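> Compute the structure for the input listed below.
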Amino acid sequence: MSQRILIVEDEDKLRRVLSLHLQGEGYEVDEARTAEEAMPLADRAALVLTDLRLPTLDGLTLMERLRLTTPATPVVVMTAYGSVEVAVEAMKRGAADFLPKPFSLDHLMTVVRKVMEVKTLREENVRLKEELGHRYAFDNIIGRGARMREILGSVERVAPTRTTVLLCGESGVGKDLIARAIHFHSPRARHPFVKINCTAIPENLMESELFGYEKGAFTGAAQAKPGKFEQADTGTVFLDEIGDVPPSIQVKLLRVLQEREFERLGSNKTRSIDVRVIAATNVDLQRAIEEGNFREDLYYRLNVFPMTIPSLRDRREDIPFLAEHFLARFAAQQGRPPLKLSAEAQRKLVQYDWPGNVRELENAIERALVMAAGDTLREDDIRLDHAPRRGSASAGLNGDGFLPEGVTLDQHEQQLIREALRRTGGNKSQAARLLGLSRNALRYRLAQMGLE
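Below is the predicted model:
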């Protein structure tokens, strides 16, 4: 089925060339010279391709109006006079991508196909939310609650594409597991999956680790060595803890995402690669941008298909199933018959806040199995690091009078955000001012909490 693209360009010759080429690729096309001509045509367009400089209203103003009338229609902007900052501003206002003039028709089609692909994914995700009763089966991923069913549904939808995915969530929620699920349910499953722990690589070695080096590039480089990206060619690169990448490397990552090419350290030869990028972070990238520690243009390149993995305390309904899964697995490893989980033990696990999330639960079950005698895991067998939080209203301060007992910094921050929203009746702008945050920073935190 053909899809319709609206071209908004006041230069007649260019508009006609774009129109003929898109029609030749199987798309239906509407044309407009001005923003005023474009508005009545936008409601039937699957994509809007607009110049930023138009005779009356400019392209940014057109975008703002389209967000009100057709918010689901993606916009790609063309600009011949702007810089990267102009393109970033357009993407901040909702543009799906940008094309710096002059651009080739091949580049045009690459961008159009990518934006159409993302649009299809988003439409499928909307349908998915209406079908949350369906349980998605993925190996080693346990999730029967609505939050995890939605995550697993998103995995199923995004896996067959090459769309860049950004996984957000606290440490221990299973971002690594989700990244592997995306890869192994994709057409790249038979090709390499290369995980790069950005925190574990020293800054002075990161460029050579990621992009490789040539013989003699530095002292000790006795022979050439391919980097992680080359090793992942035709497969998937998983950039874990992307927020810890130093600014000098962020520039090179941006180029890989945009151009799919790079040079080894000590070489002038440009190499092309075909990789799918999945990134993960447990830090607030919006705050890192505000503090000047993370490039805004790199963030928008990574944030094509964001997924926030909920913390374990936000999906307590999954805790019994996870506990039983770990119990069966560790019992089998130790050559013991299957154990049952007592009702009291289950209650203790559900009431605990799990600051270490699924990873902490896994460790707790393994430790409890060592202590257990007989065929049942009991409440006394389970040793937890902190007492469970009984609610913010009744939680006292810890011994230092600094944080409520058993509450992590992230949990305390979430309590403050919820209280600010309660006091302002849900008004995000007022809540942001109350918290001393920008509205965008608050919205990012709400998205991480699953409250957007």
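
> Pull the number of nearby residues for residue 415.
17 (other Cβ atoms under 10 Å). For the C-beta atoms, the positions are set from N, CA and C on the backbone; glycine is no exception.

> Following element in sequence after the helix or strand harbouring it, please.
Element membership of residue 415 [criterion: DSSP states H and E] is helix 409-423. Proceeding N to C from helix 409-423, the next assigned helix or strand is helix 428-435, under DSSP H and E.

> angle of the helix holding residue 415 against helix 428-435?
Counting by axes from the mean of the first three to the mean of the last three Cα atoms, to 10 degrees, helix 409-423 points 120 degrees away from the direction of helix 428-435.

> Using CSV, list the CA coordinates for helix 409-423.
Extracted C-alpha coordinates of helix 409-423, given in CSV (Å, rounded to 0.1, in the frame of the first residue of the first chain):
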residue,chain,number,x,y,z
LEU,A,409,18.8,8.2,46.5
ASP,A,410,16.7,7.4,43.4
GLN,A,411,13.8,6.3,45.5
HIS,A,412,14.0,9.4,47.6
GLU,A,413,14.1,11.6,44.5
GLN,A,414,11.0,9.8,43.1
GLN,A,415,9.2,10.5,46.4
LEU,A,416,10.0,14.2,46.1
ILE,A,417,8.8,14.3,42.5
ARG,A,418,5.5,12.6,43.4
GLU,A,419,5.0,15.0,46.4
ALA,A,420,5.7,18.0,44.1
LEU,A,421,3.1,16.8,41.6
ARG,A,422,0.6,16.2,44.4
ARG,A,423,1.1,19.7,45.7
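
> in it, what counts as buried?
410-411, 414-415, 417, 420-421 (16 or more other Cβ atoms under 10 Å).

> now stretch 208-216
Those would be 208-214, for stretch 208-216 by 16+ other Cβ under 10 Å.

> which residues of the stretch 251-400 of the chain score low on pLDDT?
Within the stretch 251-400 of the chain, the ranges that satisfy pLDDT under 70 run 385-400.

> Do I have it right that residue 34 meets residue 50?
No - the criterion here is Cβ atoms under 8 Å, and residue 34 misses it with residue 50 at 10.3 Å.

> With neighbour numbers in mind, choose between those two.
Legend: neighbour count by other Cβ under 10 Å for residue 34 and residue 50, higher for residue 50 (27 against 15).

> what sits against the nearest residue to residue 274 once chain neighbours are set aside?
Counting by Cβ to Cβ, 6 or more residues apart in numbering, residue 274 lies nearest to residue 234, which is 5.4 Å off, once chain neighbours are set aside. By Cβ atoms under 8 Å, 6 or more residues apart in numbering, residue 234 lies in contact with 188, 191-192, 274-275.

> can you pull out the helices in the stretch 351-452 of the chain?
Secondary structure of the stretch 351-452 of the chain (DSSP state H, counting those that start in this stretch): helices at 357-371, 409-423, 428-435, 439-449.

> Sorry, slip of the keys, the one I care about is the stretch 201-350 of the chain.
Under DSSP H, counting those that start in this stretch, the stretch 201-350 of the chain gives helices at 203-211, 228-231, 247-259, 285-290, 296-302, 319-333, 343-351.

> Just the strands from this structure, written as ranges.
With DSSP state E as the definition, the chain shows strands at residue ranges 4-8, 28-32, 47-51, 75-79, 97-100, 165-168, 193-197, 236-240, 261-263, 270-272, 276-281, 305-308, 340-341, 376-377.

> which helix of the protein spans the most residues?
helix 105-129 (DSSP state H).

> Which residue lies nearest the spatial centre of this protein?
residue 166 (1.9 Å; Cα atoms, centre = their mean).

> That one: what's it in contact with?
So residue 166 contacts 242, 278-281, 302-307 (Cβ under 8 Å, 6+ apart).

> Would you mind measuring from it to residue 242?
Remark: distance between residue 166 and residue 242 (Cβ to Cβ, to the nearest Å) = 8 Å.

> what touches both of the two?
279-281, 302.

> hmm, back to that, summarise which helices and strands the longest helix of the chain is packed against.
helix 12-24, strand 47-51, strand 75-79, strand 97-100, helix 146-158 (3 or more Cβ pairs under 8 Å, 6 or more residues apart in numbering; DSSP states H and E).

> I'd like to know which of the buried residues of helix 409-423 is nearest to residue 71.
Of all the buried residues of helix 409-423, residue 71 sits closest to residue 421, with 23.4 Å by Cβ to Cβ.

> Skipping adjacent residues, who's closest to the closest one in space?
Of all residues not flanking residue 421 in the chain, residue 431 sits nearest, at 5.0 Å (Cβ to Cβ, 6+ apart).

> What is the neighbour count of that neighbour?
Neighbours of residue 431 under the rule other Cβ under 10 Å: 23.

> do residue 68 as well
Other residues close to residue 68 by other Cβ under 10 Å number 7.

> can you pull the pLDDT of it?
For residue 68, the pLDDT comes out at 84.

> residues touching it, list them.
Residue 68 neighbours (Cβ under 8 Å, 6+ apart): none.

> picking up where we left off before, which among the strands of the chain is found nearest to residue 450?
That would be strand 305-308 among the strands of the chain, by Cβ to Cβ, at 6.2 Å.
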